[in-house]
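> no sequence on this one, just coordinates:
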């Protein structure tokens, strides 16, 4: 039996929440953005009037203002967004125990085993959800209804705002295959460019490719995308109360001023690696690899990753690997606007115990000393706060840590 999955996407979420208390701005072009003074001047969300001017999420304020000189800019209130996200998901919980958030403003709901309780078909249930969220919270939803998660998400994107779209066994080829390949889940900008180089522009053309060819071209992701395009997604909806394995731990920042020297980049890398290593140790995780992204002032990103010789949670080792990768991506005096350091190929401490024990048993006194040093730093930070101590060369005036746990879906 097919599953019945809804994907609920709150329309223009940040902007919609802000306008709840500013109804006089509803018909005017409005965008929520970061602070231009701290070089985080990026459009985070926009309302429909701003969209009609071509304002896009993630573009700079000056680009948006060029399209829409009358654009009204509002600062973000992330605590408020989290509260509304919690309220919306609490509504979803009344319909099923299988609610899987996908970011702050989207969630999948598997109603396969609960739909009969409401005496209506899935599209009617989706409409009822939209009406309820609009009435109780003042927000609008777009809902996709389908037999798998990927197509349910395509459905919620298909028609906006405040709409229900059904992608069924009967119509999915007609609706899905003409869509651009970039509309499908996990086809990012880089993957879209790569597919385009081989003449794959639509999801239908992606579906027609040989699975083996896509795997040769894109690795595991290629096979996954082939299955998605052919309606073969079997990924279950996970309860939001079920912990999801952490796949990576990253720390990134935009610097107050562009970095142009090796010493500046090294200090930035070290500070980010310190944050990553500290979170790895707190979570009882070891990194098997490191990934680095360098962003220039034109917002061009270059990335590279490498496997580590042995699992680690030490700042010094993560920093050394990250700095080597940065050296492959960047040469002074080219300006660097932002850096991200990410620990990848993570394994829990208990799974790496034997390998780590063998590794540390023959460790040099210097490495054992580093283990003790970083453990001592952790202890001081737990007692006196995260900013109470820093490694040599890492000053309090360094970049603000924008790190977080990152989970791959």
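Yep, that arrived. A quick note: this is a predicted structure, and the numbers were derived from the prediction, not measured. Numbering: from 1, shown residues only.
> hmm, residue 347 and residue 288 touching each other?
Yes - Residue 288 is in contact with residue 347 according to Cβ atoms under 8 Å; the separation is 6.5 Å. Glycine gets a C-beta too; all of them are placed from N, C-alpha and C.
> tell me where this structure has strands.
Taking DSSP state E to define them, one finds strands in the chain at 5-10, 30-33, 43-46, 72-74, 99-101, 106-110, 141-146, 164-167, 248-259, 285-295, 301-312, 336-348, 404-406.
> a markdown table for these, including distance to residue 124, mean pLDDT and mean neighbour count?
Shown next, in a markdown table, are these (distance: least, Cβ to Cβ, whole Å; pLDDT from 0 to 100; neighbours: other Cβ atoms under 10 Å):
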| stretch | distance to residue 124 | mean pLDDT | mean neighbour count |
| --- | --- | --- | --- |
| strand 5-10 | 12 | 98 | 27 |
| strand 30-33 | 33 | 94 | 25 |
| strand 43-46 | 30 | 92 | 23 |
| strand 72-74 | 36 | 94 | 16 |
| strand 99-101 | 19 | 95 | 22 |
| strand 106-110 | 14 | 97 | 24 |
| strand 141-146 | 10 | 98 | 27 |
| strand 164-167 | 9 | 98 | 23 |
| strand 248-259 | 40 | 92 | 19 |
| strand 285-295 | 45 | 93 | 22 |
| strand 301-312 | 44 | 90 | 16 |
| strand 336-348 | 43 | 93 | 21 |
| strand 404-406 | 37 | 37 | 14 |
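> quick check: residue 20 vs residue 276, distance?
Shown here: residue 20 relative to residue 276, a distance of 37 Å by Cβ to Cβ, to the nearest Å.
> and if you look at residue 193?
As judged by Cβ to Cβ, residue 193 and residue 276 stand 28 Å apart.
> how about residue 150?
Residue 150 sits 31 Å away from residue 276, taking Cβ to Cβ as the criterion.
> what residues sit buried inside the longest helix seen in the chain?
Secondary structure of the chain per DSSP state H: the longest helix is helix 262-283. Within helix 262-283, the residues that count as buried by 16 or more other Cβ atoms under 10 Å are 265-281.
> how far off centre is it?
Centroid separation between helix 262-283 and its chain, computed with Cα atoms, centre = their mean, to the nearest Å, is 20 Å.
> pLDDT below threshold where in this protein?
36-40, 244, 350-365, 384, 386-409 (pLDDT under 70).
> what residue spans form the domains of it?
Domains of the chain are assigned by automatic domain parsing as 13-77, 177-229, 248-406.
> now distance to residue 127 too, for those domains, in a markdown table please.
Output for those, formatted as a markdown table (distance: least, Cβ to Cβ, whole Å):
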| stretch | distance to residue 127 |
| --- | --- |
| domain 13-77 | 19 |
| domain 177-229 | 23 |
| domain 248-406 | 34 |
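> closest to residue 93 out of those?
Closest to residue 93 of those, according to Cβ to Cβ: domain 13-77, at 18.6 Å.
> now the closest one: how far from the chain's centre is it?
Distance of domain 13-77 from the chain centroid (Cα atoms, centre = their mean) equals 20 Å.
> check stretch 311-319 too.
24 Å.
> ok, and what's touching that stretch?
Residues from elsewhere that reach stretch 311-319, judged by Cβ atoms under 8 Å, 6 or more residues apart in numbering: 269-270, 273-274, 276-278, 280-281, 285-288, 290, 308, 341, 343, 347, 352, 355-356, 359, 367, 370-371, 374, 391.
> and residue 86, which of the domains of the chain is closest to it?
domain 13-77 (12.2 Å).
> first-to-last residue distance for that closest one?
End-to-end distance of domain 13-77 (Cα to Cα, to the nearest Å): 12 Å.
> how about residue 324, what does it touch?
residue 306.
> mind redoing it with 10 Å?
Contacts for residue 324 were tallied using Cβ atoms under 10 Å, 6 or more residues apart in numbering; they are 269, 290, 292, 304, 306.
> kindly report the same for residue 64.
Contacts for residue 64 were tallied using Cβ under 10 Å, 6+ apart; they are 29, 31, 33, 41-43, 46, 50, 53-57, 71, 73.
> what about the spatially closest residue to it that is not a sequence neighbour, neighbour count?
The shortest distance from residue 64 to any non-neighbouring residue, by Cβ to Cβ, 6 or more residues apart in numbering, is to residue 55 (4.6 Å). The tally of other residues near residue 55 (other Cβ atoms under 10 Å) stands at 24.
> wait, doesn't residue 55 sit right on residue 68?
Yes - counting by Cβ atoms under 10 Å, residue 68 is a contact partner of residue 55 at 5.6 Å.
> common neighbours of those two, please.
Residues touching both residue 55 and residue 68 (Cβ under 10 Å, 6+ apart) are 29, 30, 31, 46, 49.
> thought the second one was touching residue 55?
Read that as residue 30. Yes - in terms of Cβ under 10 Å, residue 30 counts as a neighbour of residue 55; the distance is 9.5 Å.
> list residues touching both of these two?
Common neighbours of residue 30 and residue 55 (Cβ under 10 Å, 6+ apart) are 45, 46, 47, 49, 68, 71.
> what are the bridge partners for the second one, then?
In this structure, residue 46 has beta-bridge partners residue 31, where bridges are defined by DSSP bridges.
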